[in-house]
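1. model this:
(one chain, ligands or ions: 1)
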Amino acid sequence: MFDVDSVRRDFPILGREINGRPLVYLDSAATSQKPQAVIDSLVDYYSRYNANIHRGIHSLGEEATNEYEGVRVKIKRFINASDAHEVVFTRNTTEAVNLVATTYGRQHVLAGDEILLSPLEHHSNLIPWQILAQERDAKLVYCDLTEDGRVCLESVAKKLSKRTKIVAMTLTSNVLGTIVPIKALSALAHEVGAVVFVDGAQGLPHMPVSVQDLDCDFFAFSMHKMLGPTGVGVLWGRAKLLEAMPPYMYGGNMISSVWRDRVIYNQIPWKFEAGTPNIADVVGSGVALDYLVKLGMDNVREHEIELCNYALEKFSAIDGMTIYGPHSAAHRAGVFSFNLNGVHAHDLGQIVNEEGIAIRVGHHCCQPLMRDLDLPGTARASFYVYTTKSEIDLLITALERARKVLGHVACR
Ligand code: C6P
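-> The predicted model follows:
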(Lines give C-alpha, C1' and ligand atoms only; values in the text may rest on other atoms or scores of the structure.)
Protein backbone atom coordinates (compact mmCIF):
# COMPACT_ATOMS: atom_id res chain seq x y z
CA MET A 1 0.00 0.00 0.00
CA PHE A 2 1.26 3.53 -0.73
CA ASP A 3 1.54 6.44 1.68
CA VAL A 4 -1.27 8.86 0.81
CA ASP A 5 0.41 11.79 2.58
CA SER A 6 3.51 11.39 0.50
CA VAL A 7 1.38 11.01 -2.67
CA ARG A 8 -0.37 14.30 -1.77
CA ARG A 9 2.96 16.10 -1.64
CA ASP A 10 3.39 15.34 -5.35
CA PHE A 11 0.26 17.33 -6.27
CA PRO A 12 0.96 21.06 -5.99
CA ILE A 13 -2.68 22.06 -6.40
CA LEU A 14 -3.57 20.27 -3.16
CA GLY A 15 -1.64 22.98 -1.33
CA ARG A 16 -4.14 25.61 -2.50
CA GLU A 17 -6.70 27.35 -0.40
CA ILE A 18 -10.25 27.99 -1.59
CA ASN A 19 -12.35 30.49 0.35
CA GLY A 20 -9.69 30.57 3.04
CA ARG A 21 -9.79 26.78 3.57
CA PRO A 22 -7.46 24.07 2.30
CA LEU A 23 -8.79 22.65 -0.96
CA VAL A 24 -10.65 19.35 -0.54
CA TYR A 25 -10.86 18.03 -4.07
CA LEU A 26 -13.66 15.47 -4.35
CA ASP A 27 -14.30 15.82 -8.09
CA SER A 28 -11.75 13.44 -9.57
CA ALA A 29 -14.38 11.68 -11.68
CA ALA A 30 -14.68 14.93 -13.66
CA THR A 31 -10.92 15.23 -14.00
CA SER A 32 -8.06 14.17 -11.76
CA GLN A 33 -5.37 16.47 -10.43
CA LYS A 34 -1.84 16.18 -11.85
CA PRO A 35 1.40 15.33 -10.09
CA GLN A 36 4.37 17.69 -10.43
CA ALA A 37 6.19 15.15 -12.61
CA VAL A 38 3.44 15.35 -15.24
CA ILE A 39 3.41 19.16 -15.12
CA ASP A 40 7.21 19.22 -15.42
CA SER A 41 7.16 16.86 -18.40
CA LEU A 42 5.16 19.40 -20.42
CA VAL A 43 7.67 22.16 -19.72
CA ASP A 44 10.50 19.73 -20.47
CA TYR A 45 8.97 18.76 -23.81
CA TYR A 46 8.47 22.36 -24.94
CA SER A 47 11.86 23.45 -23.55
CA ARG A 48 14.00 20.65 -24.97
CA TYR A 49 12.53 18.65 -27.84
CA ASN A 50 9.41 20.30 -29.25
CA ALA A 51 9.10 19.14 -32.87
CA ASN A 52 6.55 17.55 -35.13
CA ILE A 53 6.58 13.76 -35.25
CA HIS A 54 6.79 11.10 -37.98
CA ARG A 55 8.17 13.69 -40.41
CA GLY A 56 11.70 15.02 -40.39
CA ILE A 57 14.87 13.14 -39.72
CA HIS A 58 16.33 15.90 -37.56
CA SER A 59 17.23 15.04 -33.98
CA LEU A 60 14.41 16.93 -32.31
CA GLY A 61 11.84 15.27 -34.55
CA GLU A 62 13.32 11.89 -33.78
CA GLU A 63 13.30 12.53 -30.03
CA ALA A 64 9.70 13.72 -30.08
CA THR A 65 8.63 10.75 -32.23
CA ASN A 66 10.38 8.29 -29.92
CA GLU A 67 8.74 9.78 -26.83
CA TYR A 68 5.30 9.81 -28.45
CA GLU A 69 5.56 6.25 -29.73
CA GLY A 70 7.09 5.17 -26.42
CA VAL A 71 3.88 6.22 -24.66
CA ARG A 72 1.92 3.98 -27.00
CA VAL A 73 4.01 1.06 -25.78
CA LYS A 74 3.45 2.09 -22.15
CA ILE A 75 -0.30 2.10 -22.76
CA LYS A 76 -0.11 -1.30 -24.40
CA ARG A 77 1.54 -2.62 -21.22
CA PHE A 78 -0.80 -0.75 -18.89
CA ILE A 79 -3.93 -2.30 -20.39
CA ASN A 80 -2.21 -5.58 -21.31
CA ALA A 81 -2.94 -5.31 -25.03
CA SER A 82 -1.19 -7.81 -27.26
CA ASP A 83 0.26 -5.18 -29.61
CA ALA A 84 1.04 -1.44 -29.43
CA HIS A 85 -0.45 -1.06 -32.94
CA GLU A 86 -3.85 -1.63 -31.37
CA VAL A 87 -3.51 1.62 -29.39
CA VAL A 88 -4.98 4.68 -31.14
CA PHE A 89 -4.59 8.18 -29.70
CA THR A 90 -7.72 10.33 -29.73
CA ARG A 91 -8.63 13.57 -27.95
CA ASN A 92 -10.72 11.85 -25.27
CA THR A 93 -13.11 8.96 -24.60
CA THR A 94 -15.89 10.80 -26.41
CA GLU A 95 -13.88 10.93 -29.63
CA ALA A 96 -13.03 7.23 -29.30
CA VAL A 97 -16.73 6.31 -29.08
CA ASN A 98 -17.54 8.52 -32.07
CA LEU A 99 -14.68 6.94 -34.01
CA VAL A 100 -16.01 3.41 -33.54
CA ALA A 101 -19.68 4.35 -34.02
CA THR A 102 -19.00 6.10 -37.33
CA THR A 103 -16.48 3.62 -38.76
CA TYR A 104 -17.13 0.12 -37.41
CA GLY A 105 -20.75 1.04 -36.67
CA ARG A 106 -21.59 2.24 -40.17
CA GLN A 107 -19.88 -0.81 -41.67
CA HIS A 108 -21.69 -3.38 -39.55
CA VAL A 109 -25.01 -2.03 -38.27
CA LEU A 110 -27.87 -2.37 -40.72
CA ALA A 111 -31.64 -1.83 -40.62
CA GLY A 112 -33.27 -3.98 -37.94
CA ASP A 113 -30.00 -4.59 -36.06
CA GLU A 114 -29.67 -3.84 -32.36
CA ILE A 115 -27.14 -2.10 -30.10
CA LEU A 116 -27.30 -3.13 -26.45
CA LEU A 117 -26.53 -0.51 -23.79
CA SER A 118 -26.98 -0.22 -20.04
CA PRO A 119 -29.06 2.53 -18.42
CA LEU A 120 -25.82 3.71 -16.76
CA GLU A 121 -24.25 5.14 -19.89
CA HIS A 122 -22.72 8.61 -20.00
CA HIS A 123 -24.01 10.74 -22.91
CA SER A 124 -20.64 10.11 -24.61
CA ASN A 125 -21.34 6.39 -24.77
CA LEU A 126 -24.95 6.89 -25.73
CA ILE A 127 -25.47 9.68 -28.25
CA PRO A 128 -23.01 8.34 -30.89
CA TRP A 129 -24.92 5.02 -30.78
CA GLN A 130 -28.27 6.84 -30.90
CA ILE A 131 -27.19 8.67 -34.05
CA LEU A 132 -25.90 5.47 -35.62
CA ALA A 133 -29.17 3.69 -34.82
CA GLN A 134 -31.19 6.55 -36.33
CA GLU A 135 -29.04 6.58 -39.47
CA ARG A 136 -29.31 2.84 -39.95
CA ASP A 137 -32.87 2.31 -38.78
CA ALA A 138 -31.44 0.09 -36.07
CA LYS A 139 -32.66 -0.15 -32.47
CA LEU A 140 -31.11 0.72 -29.12
CA VAL A 141 -31.91 -1.92 -26.49
CA TYR A 142 -31.29 -1.44 -22.77
CA CYS A 143 -30.57 -4.11 -20.18
CA ASP A 144 -32.07 -3.80 -16.69
CA LEU A 145 -30.37 -2.73 -13.49
CA THR A 146 -30.79 -4.33 -10.08
CA GLU A 147 -32.33 -2.24 -7.26
CA ASP A 148 -28.90 -1.04 -6.19
CA GLY A 149 -27.83 -0.03 -9.69
CA ARG A 150 -25.83 -3.05 -10.86
CA VAL A 151 -26.08 -4.44 -14.39
CA CYS A 152 -28.34 -7.48 -14.34
CA LEU A 153 -26.57 -10.16 -16.38
CA GLU A 154 -29.73 -12.29 -16.68
CA SER A 155 -31.37 -9.33 -18.37
CA VAL A 156 -28.33 -8.90 -20.65
CA ALA A 157 -28.62 -12.55 -21.65
CA LYS A 158 -32.32 -12.12 -22.40
CA LYS A 159 -31.87 -8.97 -24.48
CA LEU A 160 -29.04 -10.34 -26.62
CA SER A 161 -29.98 -11.93 -29.91
CA LYS A 162 -28.59 -12.58 -33.36
CA ARG A 163 -29.70 -9.02 -34.17
CA THR A 164 -27.31 -7.54 -31.57
CA LYS A 165 -24.27 -6.20 -33.40
CA ILE A 166 -22.67 -4.09 -30.67
CA VAL A 167 -22.78 -4.14 -26.88
CA ALA A 168 -21.55 -0.80 -25.54
CA MET A 169 -21.16 -0.47 -21.79
CA THR A 170 -19.23 1.42 -19.23
CA LEU A 171 -16.76 -0.37 -16.98
CA THR A 172 -17.70 1.97 -14.12
CA SER A 173 -20.66 4.32 -13.79
CA ASN A 174 -19.75 7.97 -13.27
CA VAL A 175 -23.00 8.43 -11.30
CA LEU A 176 -23.58 5.28 -9.24
CA GLY A 177 -20.00 4.04 -9.07
CA THR A 178 -21.20 0.61 -10.25
CA ILE A 179 -18.49 -1.68 -11.62
CA VAL A 180 -19.89 -3.64 -14.57
CA PRO A 181 -18.76 -7.29 -14.96
CA ILE A 182 -17.35 -6.83 -18.45
CA LYS A 183 -15.71 -10.25 -18.70
CA ALA A 184 -19.04 -12.03 -18.17
CA LEU A 185 -20.68 -9.56 -20.54
CA SER A 186 -18.11 -10.26 -23.27
CA ALA A 187 -18.73 -14.00 -22.99
CA LEU A 188 -22.48 -13.49 -23.40
CA ALA A 189 -22.11 -10.99 -26.26
CA HIS A 190 -19.66 -13.15 -28.19
CA GLU A 191 -22.07 -16.08 -28.05
CA VAL A 192 -24.40 -14.14 -30.35
CA GLY A 193 -21.56 -12.69 -32.47
CA ALA A 194 -21.76 -9.11 -31.11
CA VAL A 195 -18.68 -6.99 -30.47
CA VAL A 196 -18.15 -5.39 -27.05
CA PHE A 197 -17.23 -1.72 -26.73
CA VAL A 198 -16.13 -0.73 -23.22
CA ASP A 199 -16.18 2.85 -21.98
CA GLY A 200 -13.26 2.67 -19.58
CA ALA A 201 -13.22 6.39 -18.69
CA GLN A 202 -14.11 5.85 -15.03
CA GLY A 203 -12.82 2.30 -14.72
CA LEU A 204 -9.22 2.27 -15.92
CA PRO A 205 -8.00 5.06 -13.58
CA HIS A 206 -9.09 3.03 -10.55
CA MET A 207 -8.30 -0.65 -11.07
CA PRO A 208 -5.95 -3.01 -12.89
CA VAL A 209 -7.33 -3.77 -16.36
CA SER A 210 -6.31 -6.35 -18.92
CA VAL A 211 -8.22 -5.95 -22.17
CA GLN A 212 -7.20 -9.49 -23.08
CA ASP A 213 -8.66 -10.83 -19.86
CA LEU A 214 -11.87 -8.78 -20.25
CA ASP A 215 -12.02 -10.24 -23.76
CA CYS A 216 -13.69 -7.07 -25.05
CA ASP A 217 -13.22 -5.80 -28.61
CA PHE A 218 -12.81 -2.06 -28.05
CA PHE A 219 -11.80 -0.15 -24.92
CA ALA A 220 -11.76 3.65 -24.60
CA PHE A 221 -10.44 6.00 -21.92
CA SER A 222 -9.24 9.55 -21.19
CA MET A 223 -5.83 10.30 -19.71
CA HIS A 224 -7.06 13.43 -17.89
CA LYS A 225 -9.00 11.22 -15.47
CA MET A 226 -5.85 9.28 -14.57
CA LEU A 227 -3.31 11.96 -13.64
CA GLY A 228 -2.52 12.90 -17.23
CA PRO A 229 -3.07 16.17 -19.10
CA THR A 230 -6.33 17.02 -20.85
CA GLY A 231 -6.60 16.41 -24.59
CA VAL A 232 -5.47 12.77 -24.77
CA GLY A 233 -7.80 9.83 -25.12
CA VAL A 234 -7.14 6.28 -26.21
CA LEU A 235 -9.04 3.79 -28.28
CA TRP A 236 -7.81 0.24 -28.00
CA GLY A 237 -9.24 -2.20 -30.52
CA ARG A 238 -8.43 -5.69 -31.73
CA ALA A 239 -6.01 -5.37 -34.65
CA LYS A 240 -8.18 -7.33 -37.06
CA LEU A 241 -11.16 -5.04 -36.38
CA LEU A 242 -9.14 -1.81 -36.63
CA GLU A 243 -7.51 -2.97 -39.85
CA ALA A 244 -10.88 -3.59 -41.49
CA MET A 245 -12.33 -0.23 -40.41
CA PRO A 246 -12.21 2.85 -42.66
CA PRO A 247 -10.39 5.94 -41.33
CA TYR A 248 -12.31 8.39 -39.18
CA MET A 249 -10.58 11.56 -40.36
CA TYR A 250 -8.58 12.22 -43.50
CA GLY A 251 -5.44 14.28 -44.12
CA GLY A 252 -1.76 14.18 -43.25
CA ASN A 253 -0.10 11.40 -41.24
CA MET A 254 -2.85 8.84 -41.96
CA ILE A 255 -1.62 8.07 -45.48
CA SER A 256 0.93 5.76 -47.01
CA SER A 257 0.76 7.03 -50.65
CA VAL A 258 -1.26 9.75 -52.31
CA TRP A 259 -1.94 10.45 -55.99
CA ARG A 260 -3.98 13.29 -57.47
CA ASP A 261 -7.11 11.17 -57.44
CA ARG A 262 -6.56 8.40 -54.86
CA VAL A 263 -4.87 7.41 -51.63
CA ILE A 264 -3.53 4.36 -49.84
CA TYR A 265 -3.97 4.66 -46.11
CA ASN A 266 -1.30 4.18 -43.48
CA GLN A 267 -1.24 1.08 -41.28
CA ILE A 268 -2.98 0.99 -37.93
CA PRO A 269 -2.87 2.87 -35.61
CA TRP A 270 -1.69 5.87 -37.70
CA LYS A 271 -4.59 5.39 -40.14
CA PHE A 272 -6.74 6.83 -37.34
CA GLU A 273 -4.42 9.67 -36.34
CA ALA A 274 -4.85 12.32 -39.04
CA GLY A 275 -2.98 15.60 -38.60
CA THR A 276 -0.49 16.70 -35.97
CA PRO A 277 -1.46 15.00 -32.72
CA ASN A 278 -1.32 16.35 -29.17
CA ILE A 279 2.35 15.43 -28.78
CA ALA A 280 3.09 17.28 -25.54
CA ASP A 281 0.11 15.88 -23.70
CA VAL A 282 0.80 12.36 -24.92
CA VAL A 283 4.31 12.74 -23.49
CA GLY A 284 2.76 13.93 -20.20
CA SER A 285 0.39 10.97 -20.29
CA GLY A 286 3.37 8.62 -20.31
CA VAL A 287 4.62 10.22 -17.10
CA ALA A 288 1.15 9.83 -15.56
CA LEU A 289 1.22 6.13 -16.41
CA ASP A 290 4.67 5.79 -14.86
CA TYR A 291 3.29 7.38 -11.69
CA LEU A 292 0.34 4.96 -11.53
CA VAL A 293 2.53 1.95 -12.30
CA LYS A 294 4.82 2.98 -9.44
CA LEU A 295 1.87 3.19 -7.05
CA GLY A 296 0.63 -0.15 -8.38
CA MET A 297 -2.91 -0.45 -9.72
CA ASP A 298 -3.75 -3.15 -7.16
CA ASN A 299 -2.84 -0.62 -4.47
CA VAL A 300 -4.87 2.09 -6.18
CA ARG A 301 -7.91 -0.20 -6.05
CA GLU A 302 -7.16 -1.22 -2.45
CA HIS A 303 -6.97 2.44 -1.38
CA GLU A 304 -10.28 3.07 -3.10
CA ILE A 305 -11.98 0.09 -1.43
CA GLU A 306 -10.83 1.43 1.94
CA LEU A 307 -12.28 4.87 1.15
CA CYS A 308 -15.50 3.30 -0.18
CA ASN A 309 -16.02 1.26 2.99
CA TYR A 310 -15.34 4.34 5.10
CA ALA A 311 -17.69 6.55 3.06
CA LEU A 312 -20.46 3.91 3.00
CA GLU A 313 -20.33 3.65 6.79
CA LYS A 314 -20.14 7.39 7.46
CA PHE A 315 -22.65 8.49 4.81
CA SER A 316 -25.25 5.96 5.94
CA ALA A 317 -25.09 7.45 9.46
CA ILE A 318 -26.22 10.87 8.20
CA ASP A 319 -29.92 11.47 8.72
CA GLY A 320 -31.77 12.16 5.53
CA MET A 321 -28.91 11.23 3.21
CA THR A 322 -29.66 8.92 0.30
CA ILE A 323 -26.72 7.27 -1.43
CA TYR A 324 -27.33 5.87 -4.88
CA GLY A 325 -25.65 2.77 -6.29
CA PRO A 326 -24.18 -0.43 -4.84
CA HIS A 327 -23.82 -0.56 -1.07
CA SER A 328 -20.83 -2.87 -1.18
CA ALA A 329 -17.30 -1.71 -2.01
CA ALA A 330 -16.79 -4.91 -4.00
CA HIS A 331 -19.25 -3.70 -6.64
CA ARG A 332 -18.41 -0.03 -6.72
CA ALA A 333 -15.74 2.59 -7.24
CA GLY A 334 -15.18 5.76 -5.22
CA VAL A 335 -17.87 7.78 -6.96
CA PHE A 336 -20.74 8.60 -4.59
CA SER A 337 -23.91 10.27 -5.79
CA PHE A 338 -26.21 11.39 -3.02
CA ASN A 339 -29.01 13.69 -2.03
CA LEU A 340 -29.75 15.21 1.35
CA ASN A 341 -33.40 15.31 2.23
CA GLY A 342 -35.01 18.50 1.06
CA VAL A 343 -31.78 20.23 0.05
CA HIS A 344 -31.26 20.96 -3.63
CA ALA A 345 -28.01 19.45 -4.94
CA HIS A 346 -26.90 22.82 -6.33
CA ASP A 347 -27.30 24.43 -2.90
CA LEU A 348 -25.25 21.61 -1.41
CA GLY A 349 -22.50 22.17 -3.96
CA GLN A 350 -22.43 25.87 -3.21
CA ILE A 351 -22.37 25.50 0.56
CA VAL A 352 -19.59 22.93 0.62
CA ASN A 353 -17.61 25.08 -1.83
CA GLU A 354 -17.66 27.85 0.76
CA GLU A 355 -15.58 25.46 2.86
CA GLY A 356 -13.13 24.74 0.07
CA ILE A 357 -14.73 21.42 -0.89
CA ALA A 358 -15.14 20.67 -4.60
CA ILE A 359 -17.93 18.25 -5.52
CA ARG A 360 -19.98 17.98 -8.71
CA VAL A 361 -23.74 18.51 -8.81
CA GLY A 362 -26.33 18.00 -11.54
CA HIS A 363 -27.14 15.22 -14.00
CA HIS A 364 -23.48 14.27 -14.58
CA CYS A 365 -24.09 13.89 -18.34
CA CYS A 366 -26.43 10.96 -17.63
CA GLN A 367 -29.89 12.43 -18.14
CA PRO A 368 -31.63 9.14 -19.06
CA LEU A 369 -30.36 7.58 -15.80
CA MET A 370 -31.59 10.61 -13.84
CA ARG A 371 -35.01 10.18 -15.47
CA ASP A 372 -35.02 6.48 -14.49
CA LEU A 373 -34.21 7.46 -10.91
CA ASP A 374 -36.81 10.24 -11.09
CA LEU A 375 -34.24 12.77 -9.92
CA PRO A 376 -33.41 16.23 -11.28
CA GLY A 377 -29.81 15.63 -10.21
CA THR A 378 -27.52 14.54 -7.42
CA ALA A 379 -24.47 15.79 -5.57
CA ARG A 380 -21.42 13.66 -6.29
CA ALA A 381 -18.18 13.16 -4.40
CA SER A 382 -15.46 11.23 -6.18
CA PHE A 383 -12.12 9.99 -4.87
CA TYR A 384 -8.66 9.22 -6.17
CA VAL A 385 -5.17 8.26 -5.06
CA TYR A 386 -4.69 11.50 -3.06
CA THR A 387 -8.06 11.35 -1.25
CA THR A 388 -8.00 10.84 2.52
CA LYS A 389 -10.56 9.72 5.08
CA SER A 390 -10.25 13.09 6.81
CA GLU A 391 -11.41 14.75 3.58
CA ILE A 392 -14.52 12.56 3.70
CA ASP A 393 -15.00 13.72 7.31
CA LEU A 394 -14.72 17.35 6.20
CA LEU A 395 -17.37 16.75 3.56
CA ILE A 396 -19.66 15.20 6.16
CA THR A 397 -19.22 18.17 8.51
CA ALA A 398 -19.97 20.54 5.64
CA LEU A 399 -23.08 18.54 4.71
CA GLU A 400 -24.32 18.71 8.29
CA ARG A 401 -23.80 22.47 8.16
CA ALA A 402 -25.66 22.67 4.83
CA ARG A 403 -28.64 20.99 6.41
CA LYS A 404 -28.61 23.43 9.32
CA VAL A 405 -28.11 26.50 7.11
CA LEU A 406 -30.92 25.47 4.81
CA GLY A 407 -33.13 24.79 7.80
CA HIS A 408 -34.37 21.34 6.92
CA VAL A 409 -35.23 18.76 9.53
CA ALA A 410 -33.68 15.41 8.92
CA CYS A 411 -36.06 12.57 8.28
CA ARG A 412 -35.72 9.39 6.29
N1 C6P B 1 -17.36 12.14 -17.20
C2 C6P B 1 -17.86 13.34 -15.16
O3 C6P B 1 -17.79 14.31 -14.42
P4 C6P B 1 -14.32 12.72 -21.89
O5 C6P B 1 -15.05 13.97 -21.60
O6 C6P B 1 -14.45 12.33 -23.34
O7 C6P B 1 -12.92 12.70 -21.39
O8 C6P B 1 -15.04 11.57 -21.04
C9 C6P B 1 -16.40 11.31 -21.27
C10 C6P B 1 -16.90 10.27 -20.34
C11 C6P B 1 -17.23 9.03 -20.84
N12 C6P B 1 -17.67 8.04 -20.05
C13 C6P B 1 -17.81 8.22 -18.73
C14 C6P B 1 -18.27 7.07 -17.90
C15 C6P B 1 -17.49 9.45 -18.16
O16 C6P B 1 -17.63 9.62 -16.84
C17 C6P B 1 -17.04 10.51 -18.98
C18 C6P B 1 -16.73 11.85 -18.40
C19 C6P B 1 -17.05 13.33 -16.44
O20 C6P B 1 -18.53 12.36 -14.88
C21 C6P B 1 -17.24 14.60 -17.20
S22 C6P B 1 -18.88 14.77 -17.86
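2. drop to CA atoms for contacts and neighbour counts, all remaining ones
-> OK.
3. residues of stretch 259-267 that come out buried?
-> With burial defined by 16 or more other C-alpha atoms under 10 Å, the residues of stretch 259-267 counted as buried are 265-266.
4. my bad, should have said stretch 11-20
-> Buried, per 16+ other C-alpha under 10 Å, within stretch 11-20: 11, 14.
5. what stretches of the protein score poorly on pLDDT?
-> 407-412 (pLDDT under 70).
6. switch the cut-off to 50
-> 409-412 (pLDDT under 50).
7. walk me through the domains of it.
-> As given by automatic domain parsing, the domain ranges for the chain are 4-30+297-411, 39-294.
8. columns distance to the ligand on top of those domains, output as JSON lines?
-> Shown next, in JSON lines, are these (distance: least, C-alpha to the nearest ligand atom, whole Å):
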{"stretch": "domain 4-30+297-411", "distance to the ligand": "3"}
{"stretch": "domain 39-294", "distance to the ligand": "4"}
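9. deepest-packed of those domains, please.
-> Sort the domains of the chain by mean neighbour count, taking mean count of other C-alpha atoms under 10 Å, and domain 39-294 sits at the top with a mean of 20.
10. now it, how far from the centre of its chain.
-> 10 Å (C-alpha atoms, centre = their mean, to the nearest Å).
11. which SS class is the residue nearest the centre of the chain?
-> By C-alpha atoms, centre = their mean, the chain has its centre lying nearest to residue 201, at 1.1 Å. Put simply, residue 201 is coil when judged by DSSP: H, G, I helix; E, B strand; the rest coil.
12. distance-wise, check it relative to residue 94.
-> 9 Å (C-alpha to C-alpha, to the nearest Å).
13. which stretches of the stretch 201-350 of the chain form helices?
-> 211-214, 239-244, 279-295, 297-316, 345-354 (DSSP state H, counting those that start in this stretch).
14. quick one, phi psi at the spatially most distant residue from the centre of the chain?
-> In the chain, counting by C-alpha atoms, centre = their mean, residue 260 sits farthest out from the average C-alpha position, at 41.0 Å. For residue 260, the backbone dihedrals are phi -60, psi -30 (criterion: degrees, to the nearest 10).
15. so who does it touch?
-> Going by C-alpha atoms under 8 Å, 6 or more residues apart in numbering, residue 260 touches no other residue.
16. residue 340 too?
-> Taking C-alpha under 8 Å, 6+ apart, we find residue 340 in contact with 320-322, 403.
17. report the two of the residues you listed separated the most.
-> Farthest pair in the contacts of residue 340 (C-alpha to C-alpha) is 322 and 403. Separation: 13.6 Å.
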